[in-house]
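1. Sharing a model prediction with you, sequence too.
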Amino acid sequence: MGVCDLSILEAVCGATSSRHLFAATTTTSCSSSSSWPFKGHTRSKKKKRCSSVYMMKAAALPFSRLSSSAAAAAAASCLRIKCKCKCEWNEGKTGEDNGGGGWIKEATTKSQSQFFDEVVIGNNNNNGDDDDEASKDKMMMMKKKKKSYSAEVEDDAWRLLEESMVYYCASPVGTIAAKDPTDGNTLNYDHVFIRDFIPSGIAFLLKGDYDIVRNFILHTLQLQSWEKTMDCHSPGQGLMPASFKVRTIPLDGDETATEEVLDPDFGESAIGRVAPVDSGLWWIILLRAYGKCSGDLTVQERIDVQTGIKMILKLCLADGFDMFPTLLVTDGSCMIDRRMGIHGHPLEIQALFYSALLCAREMLAPEDGSADLIRALNNRLLALSFHIREYYWIDMKKLNEIYRYKTEEYSYDAVNKFNIYPDQISPWLVEWMPDKGGYFIGNLQPAHMDFRFFSLGNLWSIVNSLATTQQSHAILDLVESKWSDLVGDMPFKICYPALEGQEWRIITGSDPKNTPWSYHNGGSWPTLLWQLTVACIKMNRPEIAARAVEVAERRLAKDKWPEYYDTKSGRFIGKQARLYQTWSIAGFLVAKQLLAKPEAANILWNEEDAEIIHAFSIMFDSSPGKKRGRKPLKKTYIV
């Protein structure tokens with residue numbers, strides 16, 4: 001577009017100087033047997049990176065006063081002026097609702113391709129000028145080029161995912177964490193992590209490749225803790241390893257013969273030496289997804305698999321000193337596997353715990369030996385859902401309630417049950433909390449609330465219906481409202497905000513990897529795209545996920561699929577991020593697959609439990625108009 005064209009447009013729009021920008025918006029040996037004993041083959045030592053467009057401000061003559069053809073021509077001309085930077089448009093000046101300004105505001109919430117289709121191409125169809133036809137053809141060519149690029153990115157992702165597959169006895173059993181050919185220091189990134197394989201497994205399930213997922217489930221089951229595996233320490237029975245590696249070792253007494261073994265890591269060689277709490281929970285979730293997607297229920301019905309489920313549940317439901325229904329865990333025992341101040345009852349673990357309980361109850365075979373376990377499971381489900389919904393939830397109403405809390409209350413009817421001090425409310429939260437929307441806080445302990453927004457816990461609370469329908473929509477409202485903070489140039493922030501200054505030094509121990517806005521401390525993780533997508537589809541708001549995927553698609557392949565991104569907006573590749581990170585690749589593929597076929601997402605989510613809804617109705621209807629006191633209900637539920 002030339003200077004003359006630009007002058008004409010400014011004359012029409014009345015915008016001679018002001019221009020507004022907007023952005024489109026156990027060691028086991030190889031065995032061919034498919035039926036394994038519970039402790040099978042166990043040894044004493046277990047190894048095992050868009051162009052934006054200029055929009056002129058219609059000050060003297062708003063779009064609402066232009067003819068429809070003039071408005072369309074102005075819009076198409078505006079769109080042909082490319083801007084090299086990504087900018088934001090001031091939504092406050094949108095014109096009149098019955099004029100052209102309405103669609104300008106609407107465009108900020110749509111993807112670029114949607115905007116071209118509905119506004120530019122749509123309006124040009126009402127104009128018979130040759131120039132408009134040429135503009136339409138140009139837009140269509142741009143769409144085709146974009147689709148072609150998208151297909152190339154997906155093909156590249158599938159190739160890399162397949163190259164990351166690990167084989168054991170000539171059968172695929174998982175995918176390694178990362179395969180960066182330029183990095184010779186692999187550390188444990190050549191291991192198959194249970195947590196990391198989940199998006200890979202789901203991608204294979206959605207593609208119809210079931211064998212690798214089945215093999216993964218059964219082989220990791222054989223690595224489940226049955227005996228002492230750490231020097232001077234014994235992991236609880238039923239603990240699933242964080243990762244495993246396929247090793248080739250010589251046979252005893254014969255140096256020419258070798259065998260393949262699975263060498264597991266329960267945390268004894270991990271940084272911080274922390275055992276994984278989430279591995280067993282993810283394993284149960286994947287097991288259910290496999291059955292629902294493949295239709296093969298024989299795996300979950302196997303005696304050894306049923307036993308494995310029960311062992312994980314017994315470990316999680318074991319009696320202890322804790323008074324809360326939430327799982328008490330140490331720092332670094334989940335996706336955030338370094339010191340980040342999430343010890344105690346972090347939201348991520350509670351959301352996964354709740355999901356695993358629901359999945360396990362669905363899969364457990366009805367038998368006499370399971371009655372007590374199912375009873376305890378049901379009690380914990382009710383108590384956990386009440387606890388998280390009631391005490392972890394925060395929005396403007398709840399924040400104002402906490403602001404007016406009285407402390408040192410002693411009674412069963414106390415409002416401030418955990419003796420939270422109002423001064424704990426951080427200034428950032430007062431400014432950041434939107435009027436519409438809310439979220440679950442990251443952690444709750446006596447006299448302490450961690451107000452940080454943790455993405456995985458909130459997204460998975462939507463997926464498993466730990467959040468109510470109203471709360472689920474509020475979380476997505478928050479994501480939309482705080483898009484620049486949580487998505488920015490690369491979705492999705494693992495937590496917000498980052499710990500900085502003295503707070504960072506005290507809480508992280510001056511961790512040089514978790515510096516502010518890096519890695520776990522406010523970094524952006526592309527793998528979270530798939531959880532966001534499942535949550536959005538479940539709540540019938542897939543446009544949010546589609547918008548995030550479009551942001552990620554522009555950069556991921558060009559940046560060689562990094563593990564994470566740094567800075568507040570996620571502009572830079574993480575300073576210590578591995579390239580060709582498998583779960584970044586798999587998370588993107590799962591998001592694309594689910595957006596193409598949304599009905600497939602139901603293999604992952606849980607509907608709100610009817611028994612829990614019924615129990616809540618009993619609790620609140622048993623004494624209408626009265627405060628909840630100590631009077632027991634006809635049926636006891638511990639909350």
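-> Received the coordinates, thanks.
2. Going by C-alpha atoms from here, please, whenever you check contacts or count neighbours.
-> Noted.
3. Wait, a helix at Thr256?
-> No. Going by DSSP: H, G, I helix; E, B strand; the rest coil, the assignment for Thr256 is strand, not a helix.
4. Might one say that it is in contact with Pro250?
-> Yes. Counting by CA atoms under 8 Å, Thr256 does reach Pro250; the two are 7.1 Å apart.
5. Which one of the two is surrounded by more residues?
-> Remark: of Thr256 and Pro250, Pro250 carries more neighbours, 12 against 7, as counted by other CA atoms under 10 Å.
6. The more buried one touches Val261, doesn't it?
-> No. With contact defined as CA under 8 Å, Pro250 does not reach Val261; the gap is 10.3 Å.
7. how close does the nearest residue to Ile176 once chain neighbours are set aside sit to Asp304?
-> Nearest non-adjacent residue to Ile176, counting by CA to CA, 6 or more residues apart in numbering: Val192, 4.6 Å away. Going from Val192 to Asp304 by CA to CA, to the nearest Å gives 22 Å.
8. Confirm that Pro199 sits in a helix.
-> Yes. Assigned with three-state DSSP, Pro199 falls within a helix.
9. where does Tyr439 land in three-state SS?
-> Counting by three-state DSSP, the backbone at Tyr439 sits in strand.
10. Spatially nearest residue to it, not counting backbone neighbours?
-> Ile475 (5.2 Å).
11. Dig out what the residue nearest to Ile176 forms beta bridges with.
-> Here Val192 shows beta-bridge partners Phe244, assigned using DSSP bridges.
12. For it, the count of nearby residues, please.
-> 26.
13. isn't it right up against Phe244?
-> Yes. Counting by CA under 8 Å, Val192 does reach Phe244; the two are 5.3 Å apart.
14. before we move on, back to that, does the residue nearest to Tyr439 touch Pro434 like I think?
-> No. Using CA under 8 Å, Ile475 is not in contact with Pro434; the gap is 10.9 Å.
15. neighbour count winner among those two?
-> Legend: neighbour count by other CA under 10 Å for Ile475 and Pro434, higher for Ile475 (24 against 15).
16. give me every residue that touches the more buried one.
-> Residues counted as contacts of Ile475 (CA atoms under 8 Å, 6 or more residues apart in numbering) are 437-439, 458.
17. mind running it again at 10 Å?
-> By CA atoms under 10 Å, 6 or more residues apart in numbering, the residues touching Ile475 are 395, 436-440, 455, 458-459, 461-462, 467, 481, 535.
18. Filter the residues you listed down to just the buried residues.
-> For the contacts of Ile475, a burial check counting by 16 or more other CA atoms under 10 Å picks out 395, 437-440, 455, 458-459, 461-462, 467, 481, 535.
19. now, which of these sits nearest Asp559?
-> Of all the buried ones among the contacts of Ile475, Asp559 sits closest to Ser455, with 23.0 Å by CA to CA.
20. The helix or strand hosting Phe216 packs against which elements?
-> For Phe216, the enclosing helix or strand under DSSP states H and E is helix 211-222. Applying 3 or more CA pairs under 10 Å, 6 or more residues apart in numbering; DSSP states H and E, one finds that helix 211-222 contacts strand 165-168, strand 171-175, helix 194-207, strand 254-265, helix 278-294, helix 298-301, helix 303-316.
21. I'd like to know which elements the last one is packed against.
-> When contacts are defined as 3+ CA pairs under 10 Å, 6+ apart, helix 303-316 sits against helix 211-222, helix 278-294, helix 298-301, helix 347-363, helix 371-387.
22. Export those helices as TSV, with columns for distance to Gln445 and mean neighbour count.
-> TSV is the format used below for the helices and strands packed on helix 303-316 (distance: least, CA to CA, whole Å; neighbours: other CA atoms under 10 Å):
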stretch	distance to Gln445	mean neighbour count
helix 211-222	33	21
helix 278-294	20	23
helix 298-301	36	16
helix 347-363	12	23
helix 371-387	12	18
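23. Ok, which of the helices and strands packed on helix 211-222 comes nearest Gln224?
-> Gln224 sits nearest to helix 303-316 of all the helices and strands packed on helix 211-222, at 7.7 Å, using CA to CA.
24. which residues of the chain score low on pLDDT?
-> Where the chain drops to pLDDT under 70, the residues are 1-131, 227-233, 619-639.
25. re earlier: would you mind giving the secondary structure of the residue nearest to Tyr439?
-> Going by three-state DSSP: Ile475 is helix.
26. now do Tyr149
-> What three-state DSSP gives for Tyr149 is helix.
27. Contacts only, for it.
-> Neighbours of Tyr149 in contact, by CA under 10 Å, 6+ apart: 143, 155, 553-554.
28. between the residues you listed, which is closest to Pro276?
-> Nearest member of the contacts of Tyr149 to Pro276, counting by CA to CA, is Glu553, at 31.3 Å.
29. tally of neighbours for that closest one?
-> The number of residues packed near Glu553 is 19, by other CA under 10 Å.
30. Shouldn't Leu444 be within a strand?
-> Yes. When three-state DSSP is applied, Leu444 is found to be in a strand.
31. Spit out the contact partners of it.
-> By CA under 10 Å, 6+ apart, Leu444 lies in contact with 326, 342-347, 388, 391-392, 418, 420, 450-451.
32. what's the answer for Asp477, then?
-> Counting by CA under 10 Å, 6+ apart, Asp477 touches 434, 436-439, 471, 483, 544.
33. ok, it to Ala535 distance?
-> Per CA to CA, Asp477 is found 12 Å from Ala535.
34. sorry, back to before: helices - which of the contacts of Ile475 land there?
-> Counted as lying in helices by DSSP state H, out of the contacts of Ile475, are 455, 458-459, 461-462, 481, 535.
35. Tabulate these in TSV, adding columns for distance to Gln576.
-> What follows is those, written out as TSV (distance: CA to CA, whole Å):
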residue	distance to Gln576
Ser455	21
Asn458	26
Leu459	26
Ser461	30
Ile462	31
Ser481	30
Ala535	29
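36. which one of the contacts of Asp477 is nearest Tyr168?
-> For the contacts of Asp477, the nearest to Tyr168 is Ile544 (39.5 Å; CA to CA).
37. Could you report the neighbour count for that closest one?
-> Ile544 is flanked by 22 other residues according to other CA under 10 Å.
38. before we move on, the earlier item: mind putting the buried ones among the contacts of Ile475 into CSV with distance to Tyr580?
-> Putting the buried ones among the contacts of Ile475 into CSV (distance: CA to CA, whole Å) gives the following:
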residue, distance to Tyr580
Asp395, 38
Gly437, 35
Gly438, 34
Tyr439, 32
Phe440, 32
Ser455, 23
Asn458, 27
Leu459, 25
Ser461, 29
Ile462, 29
Ala467, 34
Ser481, 31
Ala535, 26
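39. ok so, going back, present the helices and strands packed on helix 211-222 as TSV; the columns should include distance to Leu381.
-> Output for the helices and strands packed on helix 211-222, formatted as TSV (distance: least, CA to CA, whole Å):
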stretch	distance to Leu381
strand 165-168	36
strand 171-175	31
helix 194-207	23
strand 254-265	30
helix 278-294	14
helix 298-301	21
helix 303-316	12
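40. what's the closest of those to Ala548?
-> Among those, helix 194-207 comes nearest to Ala548, with 17.1 Å by CA to CA.
41. No more questions from me, cheers.
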